[in-house]
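Asks: no sequence for this one, just the structure:
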């Protein structure tokens, strides 16, 4: 079974992350879930992804990625 990193990396290098959504566990957000637009993802590292929002870089470990939705609206990764 592919990991969140595998799926995000594949999207990044095949079609690009534009139009994709990455749903992450984010305490303090409504329902503790935050949706990141794929365009915000700056780097797909070994242990975490990096995104930039409002000029601030944030690191998200992959165990916090709940779901990845591609540009066509298909769920391509869902954490069990």
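Replies: On my side now, so go ahead. Keep in mind that this is a model prediction, so the values were computed, not measured. Numbering: from 1, shown residues only.

Asks: Name the SS class of the most centrally placed residue in the chain, please.
Replies: By CA atoms, centre = their mean, the chain has its centre lying nearest to residue 22, at 3.2 Å. Assigned with DSSP: H, G, I helix; E, B strand; the rest coil, residue 22 falls in the strand class.

Asks: Give the bridge partners for it, please.
Replies: For residue 22, the beta-bridge partners are residue 36, residue 68 (DSSP bridges).

Asks: Quick check: it touching residue 34?
Replies: No. The pair residue 22 / residue 34 is not scored as a contact, 9.0 Å apart, by CB atoms under 8 Å. (Each C-beta comes from the backbone N, C-alpha and C, glycine too.)

Asks: can you give me the helices for the chain?
Replies: 4-14 (DSSP state H).

Asks: so where is it shaky, pLDDT-wise?
Replies: In the predicted model of the chain, no residue satisfies pLDDT under 70.

Asks: need the strands for it, in chain order.
Replies: 21-25, 33-37, 41-44, 48-53, 56-61, 65-69, 75-78 (DSSP state E).
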